[in-house]
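>>> give me a model of this one.
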Amino acid sequence: MNAPLLKRPDTVTLRSVLAGGGFVTVTATRRPRAGRAEVKCSAPGDPAVAARMVLVVRLARHTEARHDSRDQVVISLDRAPLDAERDWELAVVLADRAVRGLLVLREGAVANGWSDAWQLARIEGHDAVNPPAGALLGGPGNLHHIGAFSGQPDVAASVSSARAWFPLHSGGIHDALCWVEVSVYPLGEGDGGEEDAIAAPGIDSARQQALRQVLLGARHFDGERAARWRTTVRLGQAAISGNSWELALVLADRLARGREFVPRGRIIASGCSSAWHAGVVEAVEGLGPKCALIEREAQAGDRVLLPRAWEPDLPPGMKDALRAKGASLVCVERIGII
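So this is what the prediction gives:
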């Protein structure tokens, strides 16, 4: 649960201690969205920090029980932190929540904390050496989850996350298995459309829209009135092209929602579809190099899923080679059980 919406201020300001001993001021404002992005961030002369701010805010929103996309929140820093400095993250997350009326901060509040698991509402630590008295500090022994600010329970156990891997072919030398992670959190009735509740922070808008359509189509194939989810998608590498990641995304989503059997190892998949709503799996380009990569990188317990259309052209001995490693391979033409 989130704190009730009591009074939503138009502007919220708080500070965070920087590594050099000074302060950075975080300012958040709210305005009607009017077709704009939900979150806009800026840091003087440092677009990388601004991009990190957007990523942190959108990940931290994952566990909010209500989804309201009517407003745009604009967040700024009055000075750019050092490149490796992340202790300002908690201040940005709190400013975003406060300006939307989800919590109340005292005037002049100081906050320091960072996390690699904002999508779980976890605060993993802080780096402030001499913080002022009364500073809000994250991490063990301090505030270790966002709900603690309003006396609410740790909701991390309510987030279900799963990963699947797909072969990323880029010409040979940089070929690798890349992961896609889907995290889902129950979405209440009447809290906006499910499409708006699917976010993929750090990915360009065109690919985000394609990703949403894949998930919505594949979920339609569930064949029953399914639960509604706030969904956050992360990719191990944001700069990807093509559509061969679609099957891995769908399988990670089905795993997270409890609709697939969990393998002993990883799920490795490559495939796309022009009709996910019908559960159809179609072939993608790059059969040869992708199969070679999978055969090389597979480990014991891995489950490999490839398009049925690839089966006649699979490299000779690939199934035996995977079996010798303790992995398995199946070629599929549909997702789920018909």
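>>> show me what contacts Gly202?
Taking CB atoms under 8 Å, 6 or more residues apart in numbering, we find Gly202 in contact with Ala51, Val54, Leu55, Arg234, Leu235, Ala238. (C-beta placed from N, C-alpha, C; glycine too.)
>>> among those, name the ones in strands.
Counting by DSSP state E, the part of the contacts of Gly202 found in strands is Arg234, Leu235.
>>> can you confirm Arg296 is in a helix?
Yes: assessed by DSSP: H, G, I helix; E, B strand; the rest coil, Arg296 belongs to a helix.
>>> from the contacts of Gly202, which two are the most distant?
Largest separation among the contacts of Gly202 by CB to CB: Val54 and Leu235, giving 15.4 Å.
>>> which of these two has more neighbours?
When neighbours are counted by other CB atoms under 10 Å, Leu235 comes out ahead of the other of Val54 and Leu235, with 22 against 19.
>>> ok, that one touching Pro201?
No: counting by CB atoms under 8 Å, Leu235 stays clear of Pro201, with 10.0 Å between them.
>>> could the contacts of Gly202 go into a markdown table alongside pLDDT?
What follows is these, written out as a markdown table (pLDDT from 0 to 100):
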| residue | pLDDT |
| --- | --- |
| Ala51 | 92 |
| Val54 | 94 |
| Leu55 | 93 |
| Arg234 | 91 |
| Leu235 | 90 |
| Ala238 | 71 |
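>>> present the contacts of Gly202 as TSV; the columns should include distance to Leu14.
Shown next, in TSV, are those (distance: CB to CB, whole Å):
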residue	distance to Leu14
Ala51	21
Val54	18
Leu55	20
Arg234	27
Leu235	31
Ala238	29
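>>> just the terminal-to-terminal distance for stretch 12-26.
End-to-end span of stretch 12-26 (CA to CA, to the nearest Å): 8 Å.
>>> name the surrounding residues that touch it.
27-29, 75-79, 81-82, 85, 87-88, 90-92, 94-95, 98-99, 105, 108-112, 127-128, 130-132, 135.
>>> what does stretch 236-244 give?
So stretch 236-244 is contacted by 166-168, 178-181, 202-203, 210, 270-272, 284-286, 290 (CB under 8 Å, 6+ apart).
>>> need the buried ones from those selected in ChimeraX.
Filtering the contacts of stretch 236-244 down to the buried ones (16 or more other CB atoms under 10 Å) takes a single ChimeraX command:
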select :166,167,168,179,180,181,202,203,270,271,272,284,286,290
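>>> quick one: which of the contacts of stretch 236-244 sit in strands?
With strands defined by DSSP E, the entries of these inside them are Phe166, Pro167, Leu168, Cys178, Trp179, Val180, Glu181.
>>> quick check: bridge partners of the second one?
Pro167 forms beta bridges with Leu177, as assigned by DSSP bridges.
>>> wait, it touches Ile294, no?
Yes: here Pro167 lies in contact with Ile294, judged by CB under 8 Å, at a distance of 5.6 Å.
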